[in-house]
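**Q** how would this look folded up:
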Amino acid sequence: MLWFSHKRCLWWVEEQLLFKIKQIERHAINGKLR
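**A** Residues are numbered from 1 along each chain as shown. Down below sits the predicted model:
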């Protein structure tokens, strides 16, 4: 059970990182377009 929750925690962290990276990329693209 602990292993499962650990896997879920890692998955959540990856999701958060991907979300932040996408936000940063979007800001960079918007900055280039201006």
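**Q** All the helices of the chain, residue numbers only.
**A** Assigned by DSSP state H, the chain shows helices spanning 2-33.
**Q** State the distance from Gln16 to Lys32.
**A** Relative to Lys32, Gln16 is positioned 25 Å away (Cβ to Cβ, to the nearest Å). Bear in mind the C-beta positions are built from the backbone N, C-alpha and C, glycine included.
**Q** Neighbour count: the two, which is higher?
**A** Gln16 (10 against 7; other Cβ atoms under 10 Å).
**Q** For Ile24, grab the count of nearby residues.
**A** Neighbours around Ile24, by other Cβ under 10 Å: 10.
**Q** Next one: it from Leu10, what distance?
**A** 21 Å.
**Q** Just give the number of residues close to Arg34.
**A** Arg34: 5 surrounding residues under other Cβ under 10 Å.
**Q** go on, Glu14?
**A** Neighbours around Glu14, by other Cβ under 10 Å: 10.
**Q** One more: Ile21?
**A** For Ile21, using other Cβ under 10 Å, the count is 10.
**Q** Look at it and report its pLDDT.
**A** We have a pLDDT of 97 for Ile21.
**Q** What separation do you get for Ser5 and Arg26?
**A** Distance from Ser5 to Arg26, by Cβ to Cβ: 32 Å.
**Q** Likewise for Glu15?
**A** According to Cβ to Cβ, Glu15 and Arg26 sit 16 Å apart.
**Q** How about Trp11?
**A** Per Cβ to Cβ, Trp11 is found 23 Å from Arg26.
**Q** Ok, Arg8 next?
**A** From Arg8 to Arg26 the distance is 27 Å (Cβ to Cβ).
**Q** pLDDT below threshold where in the protein?
**A** Scanning the chain for pLDDT under 70 picks out 1-4.
**Q** can you rerun that using 80?
**A** The chain contains residues with pLDDT under 80 at 1-6, 33-34.
**Q** Next, count neighbours for His27.
**A** By other Cβ under 10 Å, 10 other residues sit near His27.
**Q** oh, and call the first residue 425 from now on, that's how I've got it
**A** Taking 425 as the first residue, the last one we looked at is His451.
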